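Novice: here's my sequence, what's the structure:
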Amino acid sequence: MFALEEPVELSEQSGNAFINVNARASMALAYADLGAVERAMEIAKKGLAVAQDKFPHQIPLAQAVLSLIYIGSGHHAEATEALAEVDHFRDLRFRFSFPPPMYVRVGLAQVELAMVDEDYEKAARLGDELLELLETSGFPAYLADALNMKGRVLIALGEAEQARVVLSEARAAAEAVGSQRALWQILVNLAEVEVDLGNKAKAAKVRDQAKEVVEFIAEHAGSDELRESFLHRPAIQFLSDAI
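Specialist: Take a look at the predicted model:
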């Protein structure tokens, strides 16, 4: 986590609120991905406080990060409240000329919330708009996340064949940028699709691949505490039980 903590420290020393809010957003989501939800929430709330005090244009980003953490920890009402006053990510993109890391996180949060609300048509529409913006931005870092989200929406809509195509694209995008964080989640969803399509042997193979990625992340979590919190995430436990 040192690579993520250093920008926060440097931005505080220099008084750069823009970098501070963005660095806290990245660090909060990284802790959340490792299952350290309380630490993630603490960092995200601090990021929101900095944005509110020193850089109001960054408030939507900080609120989106909070919402994503709330959604991941099963707090639907809090996630809804966090996004209640956040504009559509496309409007933020063109109003403030937000760079991709900002508006993409807002977009991902808005799609996730639509999924939790079981408004899959809205989730599909938002997801397509987000992908369109990403494809025209020339910024590949979040393409895997956006494609994975679209794949999940297609699964929810019962479009297993199309979901497999999109998730395969997501897998290629994650591998292209070396995102192990995105890759294991994509593989879990891809295995689910293979089960839906009746390909049990293929599903088992994909789960094995997901397990390898999970083991790699656990080994490089940075501390025993983070390793354990990651391995005890419900999705990881389910994956282990399914193999």
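Novice: any idea which element the spatially most central residue of the chain lies in?
Specialist: The centre of the chain sits closest to D145, judged by Cα atoms, centre = their mean, with a distance of 6.2 Å. Using DSSP states H and E, D145 sits in helix 143-156.
Novice: buried sites along the first helix or strand past that helix going along the chain?
Specialist: Downstream of helix 143-156, the next assigned helix or strand under DSSP H and E is helix 160-177. For helix 160-177, burial by neighbour count (16 or more other Cβ atoms under 10 Å) applies to 160, 163-164, 166-167, 169-171, 173-174. Heads up, the C-betas are built off the backbone N, CA and C, glycines and all.
Novice: do the same with stretch 109-119
Specialist: By neighbour count on 16+ other Cβ under 10 Å, the buried set for stretch 109-119 is 109-116.
Novice: where does the chain have low pLDDT?
Specialist: Along the chain, segments meeting pLDDT under 70 span 1-15, 96-99, 241-243.
Novice: and the longest helix for it?
Specialist: helix 200-219 (DSSP state H).
Novice: beyond it, next helix or strand please.
Specialist: helix 224-231.
Novice: skipping adjacent residues, who's closest to the residue nearest to the centre of the chain in space?
Specialist: A182 (5.6 Å; Cβ to Cβ, 6 or more residues apart in numbering).
Novice: report the contact partners of the one you found.
Specialist: Applying Cβ atoms under 8 Å, 6 or more residues apart in numbering, we find A182 in contact with 144-145, 148, 170, 173-174.
Novice: against L190, how distant is it?
Specialist: Distance of A182 to L190, given as Cβ to Cβ, to the nearest Å: 12 Å.
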